[in-house]
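Trainee: Okay, here's the prediction I keep looking at, along with the sequence it came from:
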Amino acid sequence: MLPWKRVLRPLAALLLTAAAVTVPATTAQAAATGAGWNDYSCKPSAAHPRPVVLVHGTLGNSVDNWLGLAPYLKVRGYCVFSLDYGQLEGVPFFHGLGPVEKSAGQLKEFVDKVLAATGAAETDVVGHSQGGMMPRYYLRFLGGAAKVNALVGIAPSNHGTTLSGFTNLLPYFPGAADLLAKNTPALADQVAGSDFLERLNAGGDTVPGVRYTVIATKYDEVVTPWRSQYLSGPDVRNVLLQDLCPVDLSEHVAIGLFDRIAFHEVANALDPGRARPTTCASAFD
């Protein structure tokens, strides 16, 4: 085996874990339809006047990533929508692999579609992993700040990842970084110190007019070190899951897919005026 393959294999394996496609696509789509999200006839209520756009992570998709959170928000009265982005030709189901900058353009188009359908002036965006970081490009460079009230990132790759140190080895294997960038641009964009992240974070993490929430877990094995997920700037709230519930052992996948303690904190971030303390008991709320 070539040396760079020893590096890229665990890199791909860890990011594949983040996708966590847990059910067949046809079953998942039926679940989404039955739960009522991506319903373009939904009109936001006075209590929840902004539709929520869910942005999946690397190697995820618009259904599987949200089988837990979308129904959780829907039953609480939100109009909920999710998109697929970052598709590569010939790669079905596993999305979020294209250049992050291009994916942000897809998010821009989707938000415009949701706002036109619902009649709302703004939306709230909730993303997992890459999906918590990519919208920041939309906010900063594509006019999204005028259309987004709040961004909630669940284990977001805001400042990239070392993948527990694996990415630090890339320079020692000639051609490995180029291979990564050519075949899976989003993975290269999310390596700590990438050109993309340098541009995204130059001049500060936030833009005026948007509320930011980051929900992280100290057991994250994909976006490492976990503190790199945090943002700095006005209107930022950084939350560690274990500060809310010390016995919560969720790692990168679980915090986005089925952790109801994290979901409770998402709901608080979307509606801070009605926020209730998040504790271990929130898992049963």
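Mentor: Everything's here; your move.

Trainee: Looks like residue 102 contacts residue 96 (just checking).
Mentor: No: with contact defined as CB atoms under 8 Å, residue 102 does not reach residue 96; the gap is 11.2 Å. The way it works is simple: take the backbone N, C-alpha and C, and place the C-beta from them, glycine included.

Trainee: shared neighbours, these two?
Mentor: Common neighbours of residue 102 and residue 96 are listed as residue 86 (criterion: CB atoms under 8 Å, 6 or more residues apart in numbering).

Trainee: Which parts of the stretch 51-200 of the chain are helices?
Mentor: Secondary structure of the stretch 51-200 of the chain (DSSP state H, counting those that start in this stretch): helices at 69-74, 100-118, 130-141, 176-183, 185-189, 195-201.

Trainee: Could you identify which of these has the lowest mean pLDDT?
Mentor: Among these, helix 176-183 carries the lowest mean pLDDT, at a mean of 53.

Trainee: Low-confidence regions, this protein specifically.
Mentor: Counting by pLDDT under 70, the chain has low-confidence residues at 1-35, 164-182.

Trainee: Show me where it has its strands.
Mentor: 52-55, 80-83, 123-128, 148-154, 211-216, 236-240 (DSSP state E).

Trainee: got a markdown table for these, with distance to residue 138 and mean neighbour count too?
Mentor: Output for these, formatted as a markdown table (distance: least, CB to CB, whole Å; neighbours: other CB atoms under 10 Å):
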| stretch | distance to residue 138 | mean neighbour count |
| --- | --- | --- |
| strand 52-55 | 9 | 28 |
| strand 80-83 | 12 | 24 |
| strand 123-128 | 8 | 27 |
| strand 148-154 | 8 | 26 |
| strand 211-216 | 13 | 25 |
| strand 236-240 | 17 | 17 |
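
Trainee: Mind checking the ones you listed for the one nearest to residue 106?
Mentor: Between residue 106 and the strands of the chain, the shortest gap by CB to CB is with strand 80-83, which sits at 6.9 Å.

Trainee: Could you tell me which strands the closest one is paired with, and in which direction each runs?
Mentor: strand 52-55 (parallel) (DSSP bridges).

Trainee: to the chain's geometric centre, what's the distance from the partner strand?
Mentor: 9 Å (CA atoms, centre = their mean, to the nearest Å).

Trainee: Kindly reformat the strands of the chain as a markdown table containing distance to residue 186.
Mentor: Formatted as a markdown table, those follow (distance: least, CB to CB, whole Å):
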| stretch | distance to residue 186 |
| --- | --- |
| strand 52-55 | 13 |
| strand 80-83 | 15 |
| strand 123-128 | 13 |
| strand 148-154 | 16 |
| strand 211-216 | 20 |
| strand 236-240 | 24 |
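
Trainee: before we move on, the earlier item: quick one, which of the helices of the stretch 51-200 of the chain is packed in tightest?
Mentor: Highest mean neighbour count among the helices of the stretch 51-200 of the chain (mean count of other CB atoms under 10 Å): helix 130-141, with a mean of 27.

Trainee: Just name whatever secondary elements that helix is in contact with.
Mentor: Packed against helix 130-141 by the contact rule (3 or more CB pairs under 8 Å, 6 or more residues apart in numbering; DSSP states H and E) you find strand 52-55, helix 100-118, strand 123-128, strand 148-154, helix 195-201.
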